[in-house]
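[1] Kindly generate the corresponding structure for this input.
(4 chains)
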Number of protein chains: 2
Amino acid sequence: MDKTSIIYLLTTFTTRYRDNLDKLMKEIGLHGGQIFVLNWLWEHDGSNQAEIVKSLKLTAPTVYNMVIRLAETGFVEIKKDEFDARMSRIFLTKRGIDIQAEVVIQWSKFERQTFTNLTETEKMMFSMLLQKLIEESN
Amino acid sequence: MDKTSIIYLLTTFTTRYRDNLDKLMKEIGLHGGQIFVLNWLWEHDGSNQAEIVKSLKLTAPTVYNMVIRLAETGFVEIKKDEFDARMSRIFLTKRGIDIQAEVVIQWSKFERQTFTNLTETEKMMFSMLLQKLIEESN
DNA sequence: CTCATTTATTTAGCCGGCTAAATGTTAAAT
DNA sequence: ATTTAACATTTAGCCGGCTAAATAAATGAG
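    Residues are numbered from 1 along each chain as shown, chains lettered A, B, ... in the order given. The predicted structure follows:
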């Protein structure tokens, strides 16, 4: 349980990581989590919340809040489905579409910044290990 | 920006990771973040908040809230410092001391569970890469 | 000694996670 | 046709992060 333990390292890293993501996205008027919702919508405009929940492996209330905030800031619009009154569909606004270019820039800036200290080989190794770590928790 | 991107993997993993930690610690009546505060106090009983902030690399309000909650649930006690009225010192209660044994058990259970899919070599590799990743962000 | 600065904590408010439980709607079973 | 089950969303409330700004107390400069 000392500070060089892998759990300690991981916890420190994950906190820092999310914070850095947030800071970079804040520069273009977005919050850290929102880009994943947008990223899904860029390929699946008009999704309902349930699809986003499934795709991002988050819970309904989490996605609900993110969608609401994206709507409040004008990146998406929420419309009731005409056939199924239970669900609503999320549509990108012009702003939601246009922001993609900026997100791509920040995204790659973030990736570069996060992995500066790693060689390309190390990065691939890290990616491979992450995949193994994720697989298990399914 | 596709789903196999390393940023995606990392975000998925970090979310899952924190959630798993929380679930395991909940079993013994603690929240995920609290064990790091306790872990510091087990070695530095009577610290003030500022020391915890520095040690865990978090912000003052974050630590403040965690300490308050630990006090509310009876793991620590907060006492005003006799010489410096600005600060208070955090002392472990009997409960705060006794919980250590259980935390150690959950901690190692968590580590085992998180890294089941990795060989010992891979785990060391992962740890080494993490250290590199953390160093940079200082 | 006084006043400005630093230090330690607290308050208020936001985001991204979560669980539990309430609504409302649709689909399925009998 | 009615009742039950499943589904999609919403509400309420909590934790762990954060920033910005308010207190309050101690320290340092002159």
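[2] Quick one: name the residues of chain A near DNA strand C.
    Taking Cβ under 7 Å from any atom of the strand, the part of chain A that reaches DNA strand C is made up of A:22, A:31-34, A:36, A:57-62, A:65-66, A:69, A:83-86. (Each C-beta comes from the backbone N, C-alpha and C, glycine too.)
[3] let's go with 10 Å and repeat that
    Chain A comes close to DNA strand C at residues A:18, A:21-22, A:25-26, A:30-37, A:53, A:56-70, A:72-73, A:80-87, as judged by Cβ under 10 Å from any atom of the strand.
[4] Tell me the buried residues within these.
    The neighbour-count test (16 or more other Cβ atoms under 10 Å in any protein chain shown) applied to the residues of chain A next to DNA strand C identifies A:18, A:21, A:25, A:30, A:32-37, A:53, A:56, A:58, A:63, A:66-67, A:69-70 as buried.
[5] out of everything not next to it in sequence, what's closest to A:S55?
    With Cβ to Cβ, 6 or more residues apart in numbering or on different chains as the measure, A:W40 is the residue that lies nearest to A:S55, at 5.3 Å, once sequence neighbours are left out.
[6] how would you label the one you found: helix, strand or coil?
    When classified by DSSP: H, G, I helix; E, B strand; the rest coil, A:W40 comes out as helix.
[7] where in chain A is pLDDT low?
    Scanning chain A for pLDDT under 70 picks out A:136-138.
[8] and the residue nearest in space to the middle of it, how far is that from B:F110?
    When Cα atoms, centre = their mean is applied to chain A, the residue found nearest the centroid is A:F36 (2.8 Å). Relative to B:F110, A:F36 is positioned 25 Å away (Cβ to Cβ, to the nearest Å).
[9] Tell me if whichever helix or strand A:V37 is part of is near DNA strand D.
    Secondary structure assignment for A:V37, by DSSP states H and E: helix A:34-43. No: residues of helix A:34-43 are not located near DNA strand D by Cβ under 10 Å from any atom of the strand, the shortest gap being 12.6 Å.
[10] Quick one: the strands in chain A, in order.
    For chain A, applying DSSP state E gives strands covering A:76-80, A:88-92.
[11] quick one: which of those is nearest chain B?
    Smallest distance to chain B across those (Cβ to the nearest Cβ): 15.1 Å, for strand A:88-92.
[12] contacts for the closest one?
    By Cβ atoms under 8 Å, 6 or more residues apart in numbering or on different chains, the surrounding residues in contact with strand A:88-92 are A:38, A:41-42, A:45-49, A:52, A:67, A:70-71, A:75-81.
[13] Just the buried subset of the residues you listed, please.
    Buried by 16+ other Cβ under 10 Å: A:L38, A:L41, A:S47, A:N48, A:Q49, A:I52, A:V67, A:L70, A:A71, A:F75, A:V76, out of the contacts of strand A:88-92.
[14] Sort out for me which of those residues are in helices.
    A:L38, A:L41, A:Q49, A:I52, A:V67, A:L70, A:A71 (DSSP state H).
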